[in-house]
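Output the structure for:
(2 chains)
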There are 2 protein chains.
Amino acid sequence: MRISIYRKNKTPLFLQIKNQIKEMIVNGELIHGFILPSERELAKKLDVHRNTIIRAYQELKADGLINSTKGQYYSVTYEVFYNQGTMRGKKSRIPWEHLTNQDVSHLNDQLFHESTIPKGISFQGVIPSPDVYPKEEIREIFTELINSKEIDIFSYCSSQGVAVLRSNIAKLLRDRQITATPNEIHIVLETSQVLDYLTKILINPGDGIIVEEPVGPDVYRYLRFRGAKIITIPMDEQGMMTDCLEKLILKYHPKLIYTFPTFHNPTGTVMSLDRRYQLLDCSYQYNIPIIEEDWFFDLRYEGTPIPPLKALDKHKHVIYLDSFAMTFAPGMTFGYVVAPQPIIEKFHSLTAFSLIFVNSLNQYLMSAFIEKGLYEKKIRGLCRYYAEKRDLICTELERAKDLGISYVKPAGGFYVWCRLPDHVNQNALLITAAKMGINFLPGFVFFPHGTKGENYIRLCFSYPSLEQIKQGIGLLLQAISACAQ
Amino acid sequence: MRISIYRKNKTPLFLQIKNQIKEMIVNGELIHGFILPSERELAKKLDVHRNTIIRAYQELKADGLINSTKGQYYSVTYEVFYNQGTMRGKKSRIPWEHLTNQDVSHLNDQLFHESTIPKGISFQGVIPSPDVYPKEEIREIFTELINSKEIDIFSYCSSQGVAVLRSNIAKLLRDRQITATPNEIHIVLETSQVLDYLTKILINPGDGIIVEEPVGPDVYRYLRFRGAKIITIPMDEQGMMTDCLEKLILKYHPKLIYTFPTFHNPTGTVMSLDRRYQLLDCSYQYNIPIIEEDWFFDLRYEGTPIPPLKALDKHKHVIYLDSFAMTFAPGMTFGYVVAPQPIIEKFHSLTAFSLIFVNSLNQYLMSAFIEKGLYEKKIRGLCRYYAEKRDLICTELERAKDLGISYVKPAGGFYVWCRLPDHVNQNALLITAAKMGINFLPGFVFFPHGTKGENYIRLCFSYPSLEQIKQGIGLLLQAISACAQ
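A predicted model of the protein is given here:
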C-alpha cells in the first residue's frame, strides 16, 4: 500500500490519506479482508501525527469501506463486484499432494530443519564446533573486501565459481600433491550437490556402482534416487579390500567406483597407499571412473598424510570432491569438485540452469582466507583442537574396554566407529541413550542392504565440548550396561 | 606436504627437513613428478632461512631423489615400484563425453560465464546497476551481525531458509496485500531454481502449460526440459488475453498456467485488474494452479500498483515467485517462493537433498536490511534512479518515431519492447549493432514456437549509464537506418 502526501497541498493530510485509500478500495486494488497498517505504523511510515491516521481511518469506517477487527486492526470490508463475480464465491481446492511427482515425494527423509541443530549431548551430526569458527579473520577480510576497488563482491560471478578462488584452491591442492588447473575446478554449494549432479550426469537406472561397506547414507540415497544398483565392497583396517575389486568388476560391470579413502565415513579408516595403487590399477584396467570424497584430508592429527587418489592418478580417472564446511564456517561455506573438462562443463550447465551461480560474497571471503595463508594457519589450530577431543573420547571409551566395546583410534576426521558387545540390543540402546539426552548414529544406516551394522555405532566428537564428551560417554556406557541382555 | 621441525633437537634443521622429505618420497607419499615448494616458499612456511632449504634440496638431489626443472623448481624423480606397477604405464582414457547423459548435454546453451558481464553498451542482460548497490548499508549490517550474540551467521540454517528472514519477507508481502505465513515461504538461490524445482515437482512429459506469448526464454526452457507441451496465449496492452483462456483450457486441458503479470518480460505490460480476476476465475473453475513470477513489483515508477494475483487469490491457487536480485546486490542475493504447504514441503525436500541449505550470512544480511526499513527506503531511491533511465531511453527513442519505431513507455521494470519498422532485417541489425558495440535481445527468442517476433527487440535499460543510453540509442538508430531494406 503506497500513499503519497503533499504537505504544500491545501487538502488536509488526513483527507489526502483517506481519499487515496478509498480510491484503492473502490478500484479493487485493496481487496476485501486486507488488513490495513496499524495507526502507529502508518503514521511512522508517512511521518505524520498518529491522530491524522486515526481521523482518516474513522472517515473510511464511516463510509462503510473498512471496519476494525478485534478493536486492534482495520480491515477492508467493501467488496468490488466484477462481472465474473459468480465464480469467486465457489469453493475450489487443488489436490496438491496428488499433483506432485512421486520421485520427489520419496525425498522426505532428507529434511534438514533448524531443529536438527543438536540438543542435549550429540555425537550424531557431522557439525564443526562453533568455538573454532574464524570469526575475527572473516571480519577483517570482509572489511577489506567491501572497501576493495578491484574485487566486486556485489555483482554476479561465473556459474563455475569466482576465478581467483579457483586459482587459490588449485594452490591449496598442490599441498595435497594434486595438480589441477582452475578450469578443472567447479564451485558448488555442498558435496551433496556434487553427488546429486554427478549421478544426474553419469547414472542411468540399472547402472552398477561399487561403494565401500559401510558407506555414508547420503551416498547411497543419491544412487538409489537415480535407480543405480549398489554393489558393496568390504573394508578392513587398510580401507577398501581391493583384492575383491576385480571379481566384482567382472561380475557386475559397474559404471563407477565411489570411495571415501581418508578418514572414511563412518569408520575413520585411511586407505593404505598400496590399496590406493591397486584401486587405480583396476580403474585403468577396466576403464572405470572413480569418485573420491575427501573433506577430512586436512584434519589429520598424527602421522604422515597419504596422497589422495587424485594425486596418484595419472590418467584423470578420478573425480575429486571436497568441502570447506568442516574447516571454515558452515553458514558461509561451499564445496568444489575437480574433474576432467567434459564433466566440469556439465556441472557448469547444470548450475547455470538452476542456480545461476553460487553467491559471490562467500567465494571472495574464502578466496582471501586462503590467499592470506589464514587457511593453513587455521588448519593447524583445528588439528590441535579436534585432536584433544579425539584423545578425550578415546580415553573415556578405553575405560570401558571391559564392557566389551572396541574401536580403532582414528588418526584424523571426526568419527569413532564403535563395536558394541554382542549382547547389547541396539534399538534399546538408542532409546535409552536418547532418554538420557545422548544422540549418535546407529551402525545399520551405513549398510545400504540393511542387514548388517547392528553391532556398531558412530560417535562424532566434533561438536560436543570436552566436558560434554566426558559426561556423554559416561552416560553412554551406563546405557550400554543397562541394555546388555 | 607437511614437515615438522624441532628447534631443540640436535639434528640440524636442514637434515630434519631432508630426512622427512626423503621418507615421504621413498614411501611413495610424494609421487614421481611432484613439484616441491620453491626454496623461498618452504623457507617462509617453516620459518627458517632460505639457505637451510637450499641445503636440504641439494642433499636430496645428491641422493638422486629429486631434480631441478628448468633451474627453477625441484620435482621428485624417484619412482616407487609396487607389485601392480605393470598397469601403471598403460595408456587409459575414459570417454567422458559418451558416458554422460543426453538430457544434461542439452543444457549447453545456458552457460553463464564471467565474460557475459556486459561489454560495450549493453541493453541485453537483466542486470541491476552497480551504482545503486546498498554498499554502505551492507557494511553496517555486517558489522552488527558479526558482533551479534543472538544471531549466528556462521552456522547451518534450515533448508527452508532462516526463520527471521521468512518473517520479514511475510511483512514485506503485506505491502503487496499478500497474506502469507513464514511457513508458506521457502528461500531459494534464484527464481530460476523455483522454476527448475516446480517443473520437477509438478510436470510430467506431455503435460500442457499455458504461458503468455511472448515469454522469457528461461521459462520455456524449463518446460521443454521436462517434456511439457507449451501452449501460448496472446497478449495485448492489458496483458494476457484472458477471453481466450477458457477455449485453450477446454482444448488442451493444461496442468498449469504461468504468468508474469506485472512489468512482464519482455513487454513491460501490466495485466489489468479485470484480467487478473478473469484469470483467477478460470483457475477456480477448472482447478488449474497458477505460477506468478513477480520480481519487478516494487520497481514501479508511476501510477498505483495493482495487487499481485497472489493477493487477489482466495483459494491458494497461486504459487508466487520473487527475487531480490534486482533490488539488493546480485552477488549476495537469493529468491523465494510462496506456495501452499504441500509444495513448500517438496521444495524443502529438494533443497535438503542437493544443496542442504542456502547460506546463512546472506539471509541474515537481507533480513536485517528489511527489518531496519532500509529495503523500503532503498526501493524509493531505485525507483527514482531507474525512472530517470527509462525517461531518457524513451526520449531518445521518441526522436526516432519517424523511422517507424514504436513502443509503449513502461510504468516500471527494466524493459522497453520495441517494434521495428517492417523493412528492417533483424539479423542484419543484430550484426550491425554488435559491430558498433551495442547489444540487445532479438524478439524471436521470446516466442517458444519460433515463428514470430522478428519485428521486435527488447531493450533493457537498467545497466548502461545515462550517457551510454544516449549514445547507445543514437548508434542503434543509425544501425536501424543502415539495415532498412
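
now the strands: where do they sit in the stretch 151-300 of chain A?
All strands of the stretch 151-300 of chain A, identified by DSSP state E, counting those that start in this stretch, fall at A:185-188, A:208-213, A:229-236, A:239-240, A:256-259, A:290-293.

Low-confidence ranges, chain A, go.
Along chain A, segments meeting pLDDT under 70 span A:70-71, A:80-92, A:102-118, A:485.

how is it carved up into domains?
Under the assignment automatic domain parsing, the domains of chain A span A:13-85, A:117-126+A:382-483, A:133-376.

is any part of the first one close to chain B?
Yes - counting by Cβ under 8 Å from any Cβ of the partner chain, chain B is contacted by domain A:13-85 at A:23-24, A:27-31, A:34-35, A:37, A:45, A:82, A:84. Quick note: C-beta positions are derived from backbone N, CA and C, even for glycine.

which of those residues count as buried?
The neighbour-count criterion (16 or more other Cβ atoms under 10 Å in any protein chain shown) marks A:24, A:28-31, A:34, A:37, A:45, A:84 among these as buried.

correct me, but A:Ser481 touches A:Asp402?
No - A:Ser481 is beyond contact range of A:Asp402, at 10.8 Å (criterion: Cβ atoms under 8 Å).

who's more crowded, these two?
Higher neighbour count among A:Ser481 and A:Asp402: A:Ser481, with 13 against 6, using other Cβ atoms under 10 Å in any protein chain shown.

can you pull the contacts of that one?
By Cβ atoms under 8 Å, 6 or more residues apart in numbering or on different chains, the contact list for A:Ser481 reads A:Leu403.

Tell me if it really is in a strand.
No - per DSSP: H, G, I helix; E, B strand; the rest coil, A:Ser481 lies outside any strand segment and is helix.

For A:Glu29, give its distance to A:Asp63.
Taking Cβ to Cβ, to the nearest Å as the measure, A:Glu29 falls 16 Å from A:Asp63.

can you check A:Pro182 too?
Distance, A:Pro182 to A:Asp63, by Cβ to Cβ: 67 Å.

Also A:Val408?
Distance from A:Val408 to A:Asp63, by Cβ to Cβ: 80 Å.

Any part of stretch A:198-216 near chain B?
Yes - using Cβ under 8 Å from any Cβ, stretch A:198-216 reaches chain B at A:200-204.

Turn the residues you listed into TSV, columns for neighbour count.
Below are the residues of stretch A:198-216 next to chain B laid out as TSV (neighbours: other Cβ atoms under 10 Å in any protein chain shown):
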residue	neighbour count
A:Lys200	18
A:Ile201	23
A:Leu202	23
A:Ile203	22
A:Asn204	12
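
Among those, which lie within helices?
Counting by DSSP state H, the residues of stretch A:198-216 next to chain B place A:200-202 in helices.

Quickly check the residues of domain A:13-85 next to chain B for the two that are furthest apart.
Greatest spatial distance among the residues of domain A:13-85 next to chain B (Cβ to Cβ): A:Lys45 and A:Gln84, at 34.1 Å.

Run a quick neighbour tally on A:Glu293.
A:Glu293 has 24 neighbours, counted by other Cβ under 10 Å.

same thing with A:Tyr156?
Counted with other Cβ under 10 Å, residues neighbouring A:Tyr156 total 22.

what's the nearest residue to it if we skip its chain neighbours?
In space, and not counting its chain neighbours, A:Tyr156 is closest to B:Pro330: 5.0 Å by Cβ to Cβ, 6 or more residues apart in numbering or on different chains.

Was I right to think the one you found contacts A:Phe154?
Yes - B:Pro330 lies in contact with A:Phe154 (Cβ under 8 Å); the separation is 7.2 Å.

quick revisit: name the nearest of the ones in helices among the residues of stretch A:198-216 next to chain B relative to chain B.
Nearest to chain B among those, counting by Cβ to the nearest Cβ, is A:Ile201 at 5.1 Å.

what residues are up against the closest one?
Counting by Cβ under 8 Å, 6+ apart, A:Ile201 has contacts A:343, A:346-347, A:350, B:100-101, B:104.

Save those as TSV, and put in secondary structure too.
Below are the contacts of A:Ile201 laid out as TSV (three-state DSSP):
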residue	secondary structure
A:Ile343	helix
A:Lys346	helix
A:Phe347	helix
A:Leu350	helix
B:Thr100	coil
B:Asn101	coil
B:Val104	helix
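
ok, back up a step: ok, so of the buried ones among the residues of domain A:13-85 next to chain B, who is nearest A:Gln72?
Nearest to A:Gln72 among those, with distances taken as Cβ to Cβ, is A:Pro37, at 11.9 Å.

thought that closest one was touching A:Ile3?
No - look at A:Pro37 against A:Ile3 with Cβ under 8 Å: they stay out of range, at 9.8 Å.

What are the buried residues along the top helix by length along chain A?
When chain A is parsed with DSSP H, its longest helix is helix A:374-398. Using 16+ other Cβ under 10 Å as the test for burial, helix A:374-398 gives A:374-375, A:378-379, A:382-383, A:385-387, A:389-390, A:392-394, A:396-397.

doesn't A:Ser462 make contact with A:Lys389?
Yes - between A:Lys389 and A:Ser462 there is a contact at 7.0 Å, judged by Cβ under 8 Å.

Now A:Asn9: which helix or strand?
Using DSSP states H and E, A:Asn9 sits within no helix or strand.

Now for it: which residues touch it?
Residues in contact with A:Asn9 (Cβ under 8 Å, 6+ apart) are A:Gln16.

what does the one 4 residues further on give?
Contacts here follow Cβ under 8 Å, 6+ apart; on that basis A:Leu13 touches A:5, A:7, A:48, A:52.

which among those residues gets closest to chain B?
A:Ile5 (13.8 Å).

Which residue comes closest to the closest one once chain neighbours are left out?
A:Ile5's closest residue in space is A:Gln16 (Cβ to Cβ, 6+ apart), at 5.2 Å.

Next, count neighbours for that neighbour.
A:Gln16: 20 surrounding residues under other Cβ under 10 Å.

and what of A:Gly120?
15.

The closest residue to it other than its chain neighbours and chain B, how far apart?
Using Cβ to Cβ, 6+ apart and skipping the chain neighbours, the partner closest in space to A:Gly120 is A:Gly437 (3.3 Å). A:Gly437 sits 20 Å away from chain B, going by Cβ to the nearest Cβ, to the nearest Å.

likewise A:Gln468?
17 Å.

For the closest residue to that residue other than its chain neighbours, give me its contacts.
Closest residue in space to A:Gln468, ignoring its immediate chain neighbours: A:Ile121 at 4.7 Å, by Cβ to Cβ, 6+ apart. Contacts for A:Ile121 were tallied using Cβ under 8 Å, 6+ apart; they are A:437-439, A:464, A:468, A:471-472, A:475.
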